[in-house]
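Undergrad: the following block contains a protein sequence and its predicted model.
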Amino acid sequence: MEGISYWIEKRAYISPNRTALVGETRRLTYHQMAIEINAIFNAFTRDYHVRKGDRIAILSGNNIEYFLLLFAIAKIGCIAVPLNIRLSSKELEFQLKDSQASVLITNEEFYETGKDLASNCSISHLIKLEDLSYNNIQETTDTSSFSTESQSTDINGSAPFLIVYTSGTTGRPKGAVLTQENMYWNAINNILSLDLTSYDRILSVLPLFHIGGIGLFALPALLAGGTVIIPNKFDPEQTLRLVEEEEISVMMGVPTIFDALRKSENFLTTNLKSIKWFYSGGASCPHELINFYLEQGFPFGQGYGMTETSPTVFMLLKEDYRDKVGSIGKAVLFVDIRIVNEEGLDVEDNQVGELIFKGPNVFKEYWNLPYETQKSFKDGWFYSGDLAKRDKDGFIYIAGRKKDMIISGGENIYPLEVEQVIGQHSLIAEAAVIGIPNDKWGEVPIAIVSVKAGQTLDKQELIDFCTSRLAKYKIPKAIEIVSALPMNATGKIDKASLTHKYQNLKR
């Protein structure tokens with residue numbers, strides 16, 4: 001296949017004056033984007049002697065240059081290693097050493113951190129992202145004669161393009177290796193599911209160091225010839241302003257983002273009529289939050305994906321989002337899925353089993369971890385570790401992580417189910433349910449909750465609330481109230497730390 005940089009070059013030929021990227025300080029047409037990608041490509045190969053297969057790590061917040069960099073890396077045939085800016089220096093050092101990155105690129109904000117990392121990690125070149133700005137690159141050719149029809153390089157689409165590290169809550173982080181072909185098929189799956197066209201304007205607020213920031217829905221929009229608007233960071237007021245001023249048609253977020261938007265004093269007065277899709281992923285979205293957006297008249301979808309699947313696997317379509325609240329939809333066009341039991345046999349409708357996938361968007365391998373890769377695949381199917389069930393209409397509902405399942409007296413308890421019930425209580429801000437050891441039952445569930453600002457919660461009241469909604473064995477045997485739940489580097493509740501903290505609690 002042609003590499004993904006070909007998308008931009010071809011778009012620069014077909015529709016050179018159409019806007020491709022909108023940042024906080026400048027806008028680029030597809031022609032300008034192609035020229036800048038080519039300039040970075042030349043700087044890398046000429047000045048830094050970067051070659052195919054080299055790992056180029058990126059430590060930066062969101063900006064236009066990040067996108068340009070990804071496409072330039074793809075054009076060379078190198079491997080990008082997006083680094084999570086929320087990680088500690090030790091965690092970043094591990095990923096740099098594990099990936100054997102030879103180049104580290106940071107923006108100004110993280111340059112001092114980058115210098116420390118470079119000295120400890122055998123980095124050959126530490127480069128400021130701002131220095132790769134087109135205005136700072138001394139080109140040896142006249143870019144006015146740049147031909148977007150003649151710039152493609154020979155790219156092996158099945159070769160690694162991204163190493164994206166998982167959060168590593170159960171041990172060392174694993175680098176999921178994604179190819180340019182993976183990203184192409186993810187883009188196709190999203191374009192077909194959302195009906196994306198060159199007229200769509202996507203607001204990209206998810207961080208680019210996550211696969212969600214790259215694949216939902218920035219790259220799909222650029223393949224379709226649309227426009228991607230990129231604020232440097234998420235801010236509810238700025239986001240609402242951008243939706244109105246830039247006439248955003250599709251916005252991807254996580255539940256905390258959509259909760260922050262609705263709580264903005266400007267939400268109800270902002271003109272949001274351009275929106276054809278609010279889409280949520282990354283964590284289970286409370287039904288109450290979904291229903292709020294539906295009641296305001298906005299299409300609100302929930303999907304599912306993983307780093308290892310580039311990331312999209314499931315999406316709700318236009319005709320289903322109202323009738324199937326809480327579902328992640330059906331598998332996208334070019335992904336096959338099954339729900340299986342411990343023996344690898346398909347389960348019946350409404351029975352919980354493990355989700356397994358097969359498709360051209362599924363990752364290549366875990367970087368330098370052949371045993372972990374082998375464990376994750378069986379007969380060509382990728383075993384996700386996520387539990388789910390299917391209703392009679394074929395719609396899928398997530399039941400939680402397999403490793404989080406609690407077995408109490410021989411009964412399976414799925415924490416997500418209990419968390420969703422607790423989340424319906426009017427005083428609860430967040431909830432996490434974990435299992436702790438118990439002499440009689442083996443394990444019992446407990447709930448760790450935070451309460452909405454200015455409110456107080458009676459623990460027995462919450463247990464009574466659960467009693468009328470859950471089977472007896474599913475009811476938390478203890479309620480722990482905290483000011484805030486701990487989060488891991490990917491912004492999800494850190495259940496590993498909660499389990500460690502409360503494992504000696506006697507119940």
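TA: Perfect, I can see it now. Numbers count the residues shown, from 1 in each chain.

Undergrad: every contact and neighbour count from this point should use C-alpha atoms.
TA: Fine.

Undergrad: let me see the contact set for G301.
TA: Neighbour list for G301: 277-280, 315-317, 321 [criterion: CA atoms under 8 Å, 6 or more residues apart in numbering].

Undergrad: what do you get for L129?
TA: In this structure, L129 makes contact with 65-66, 105-108, judged by CA under 8 Å, 6+ apart.

Undergrad: now I475
TA: Going by CA under 8 Å, 6+ apart, I475 touches 418, 445, 463, 466-467.

Undergrad: I'd like the distance between the residue nearest in space to the middle of the chain and L28.
TA: Computing the C-alpha centroid of the chain and ranking residues by CA atoms, centre = their mean puts G212 first, at 2.7 Å. From G212 across to L28, the span is 22 Å (CA to CA, to the nearest Å).

Undergrad: and for T309?
TA: Computed as CA to CA, the T309 to L28 distance reads 29 Å.

Undergrad: of the two, which one has the most company?
TA: A count of neighbours by other CA atoms under 10 Å puts T309 above the other of T309 and L28, at 27 against 18.

Undergrad: ok, R338 touching G359?
TA: No - at 12.0 Å, R338 and G359 do not qualify as touching, with contact defined as CA atoms under 8 Å.

Undergrad: count residues in the vicinity of G175, would you?
TA: For G175, the neighbour count with other CA under 10 Å is 24.

Undergrad: wait, doesn't it sit right on S167?
TA: No - between G175 and S167 there is no contact under CA under 8 Å: 9.5 Å.

Undergrad: please name the nearest non-neighbouring residue to L208.
TA: What sits nearest to L208 in space, not counting adjacent residues and going by CA to CA, 6 or more residues apart in numbering, is I214, at 5.6 Å.

Undergrad: can you read off the pLDDT for that neighbour?
TA: Looking at I214, its pLDDT reads 96.

Undergrad: check I493 too.
TA: According to the prediction, I493 has pLDDT 88.

Undergrad: show me what contacts it?
TA: 432, 485-487.

Undergrad: if you set the cut-off to 10 Å instead, what comes out?
TA: I493 makes contacts with 283, 430-432, 484-487, as judged by CA atoms under 10 Å, 6 or more residues apart in numbering.

Undergrad: let's have the contacts of L129 in CSV, adding secondary structure, pLDDT and distance to E411.
TA: Output for those, formatted as CSV (DSSP: H, G, I helix; E, B strand; the rest coil; pLDDT from 0 to 100; distance: CA to CA, whole Å):
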residue, secondary structure, pLDDT, distance to E411
E65, helix, 96, 52
Y66, helix, 97, 48
I105, strand, 98, 50
T106, strand, 97, 50
N107, coil, 95, 51
E108, helix, 95, 53
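
Undergrad: specify which member of those is nearest to D404.
TA: Closest approach to D404 among the contacts of L129 (CA to CA): Y66, at 35.2 Å.

Undergrad: show me what counts as buried in the host helix or strand of I257.
TA: Secondary structure from DSSP states H and E places I257 in helix 255-263. The neighbour-count check on helix 255-263 (16 or more other CA atoms under 10 Å) flags 255, 257-259, 261-262 as buried.

Undergrad: need the contacts of L129 in CSV (columns: neighbour count and distance to Y371).
TA: Converted to CSV, those look like this (neighbours: other CA atoms under 10 Å; distance: CA to CA, whole Å):
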residue, neighbour count, distance to Y371
E65, 22, 36
Y66, 21, 33
I105, 25, 31
T106, 25, 32
N107, 22, 36
E108, 16, 38
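
Undergrad: take these and lay them out in TSV including distance to A118.
TA: Output for those, formatted as TSV (distance: CA to CA, whole Å):
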residue	distance to A118
E65	21
Y66	20
I105	10
T106	11
N107	14
E108	15
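
Undergrad: just the ones in strands from the contacts of I475, please.
TA: Cross-referencing the contacts of I475 against strands under DSSP state E gives P445.

Undergrad: highest neighbour count among the contacts of I475?
TA: Neighbour-wise, the contacts of I475 (other CA under 10 Å) top out at P445, 26 neighbours.

Undergrad: residue contacts, that residue?
TA: Counting by CA under 10 Å, 6+ apart, the residues that P445 touches are 405-408, 413-415, 418, 433-438, 473-479, 507.

Undergrad: so what's it scoring on pLDDT?
TA: Looking at P445, its pLDDT reads 94.

Undergrad: could you do E149 as well?
TA: 54.

Undergrad: just T143 next, same as before
TA: If you check T143, the pLDDT there is 46.

Undergrad: the one 10 residues further on too?
TA: What the model reports for T153 is a pLDDT of 67.

Undergrad: same question, T256
TA: If you check T256, the pLDDT there is 88.

Undergrad: I37 belongs to a strand?
TA: No - read with DSSP: H, G, I helix; E, B strand; the rest coil, I37 is helix and lies in no strand.

Undergrad: for it, what are its contacts?
TA: Each residue near I37 by CA under 10 Å, 6+ apart is listed here: 5, 8-9, 43, 65, 67-75, 132-134.

Undergrad: run the last query once more with 8 Å
TA: Shown in contact with I37 (CA under 8 Å, 6+ apart): 68-69, 71-72.

Undergrad: do I275 as well
TA: Shown in contact with I275 (CA under 8 Å, 6+ apart): 243, 247-251, 298.

Undergrad: out of these, list just those in strands.
TA: Of the contacts of I275, the ones assigned to strands by DSSP E are 250-251.

Undergrad: quick one, which of the contacts of I275 has the minimum pLDDT?
TA: Minimum pLDDT across these is recorded for F298, with 95.

Undergrad: so how many other residues sit close to it?
TA: Neighbours of F298 using other CA under 10 Å come to 17.

Undergrad: and it, how far from H500?
TA: Using CA to CA, one obtains 41 Å as the distance from F298 to H500.

Undergrad: the stretch 301-450 of the chain: helices as residue ranges?
TA: Assigned by DSSP state H, counting those that start in this stretch, the helices in the stretch 301-450 of the chain fall at 370-376, 415-423.

Undergrad: distance between the longest one and the chain's centre?
TA: In this view, helix 415-423 has its centroid 22 Å away from the chain centroid, taken as CA atoms, centre = their mean, to the nearest Å.

Undergrad: with stretch 184-201 instead?
TA: 17 Å.

Undergrad: quick check: buried residues in it?
TA: Of the residues in stretch 184-201, 184-191, 193-194, 196-197, 200-201 count as buried by neighbour count, 16+ other CA under 10 Å.

Undergrad: now stretch 381-392
TA: Buried-residue list, stretch 381-392, by 16+ other CA under 10 Å: 381-390.

Undergrad: just these now: which is nearest L223?
TA: Nearest to L223 among the buried residues of stretch 381-392 is F382, at 26.6 Å by CA to CA.

Undergrad: mind listing the residues bridging to the closest one?
TA: Counting by DSSP bridges, F382 is bridged to F357, F377.

Undergrad: contacts only, for it.
TA: F382 sits next to 356-358, 362, 376 when contact means CA under 8 Å, 6+ apart.

Undergrad: swap in 7 Å and give it another go.
TA: Counting by CA atoms under 7 Å, 6 or more residues apart in numbering, F382 makes contact with 356-358, 376.

Undergrad: what's the answer for G114, then?
TA: Neighbours of G114 in contact, by CA under 7 Å, 6+ apart: T106.

Undergrad: so which strand or helix has it?
TA: Using DSSP H and E, the element containing G114 is helix 111-120.

Undergrad: could you point out which element follows that helix?
TA: Following helix 111-120 in sequence order, the next helix or strand is strand 125-128 (DSSP H and E).

Undergrad: give the pairing partners of that following strand; include direction for each.
TA: Strand pairing (DSSP bridges) places strand 125-128 next to strand 103-106 (parallel).

Undergrad: what residues does the partner strand touch?
TA: With CA under 7 Å, 6+ apart as the test, strand 103-106 has contacts from 55-60, 114, 123-129.

Undergrad: pull that strand out as PDB, backbone CA atoms only.
TA: The C-alpha trace of strand 103-106 is given here as PDB (Å, rounded to 0.1, in the frame of the first residue of the first chain):
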ATOM      1  CA  VAL A 103      15.600  10.700  18.500                       C
ATOM      2  CA  LEU A 104      13.600  12.600  21.100                       C
ATOM      3  CA  ILE A 105      11.400  15.500  20.100                       C
ATOM      4  CA  THR A 106       9.900  17.800  22.700                       C
END
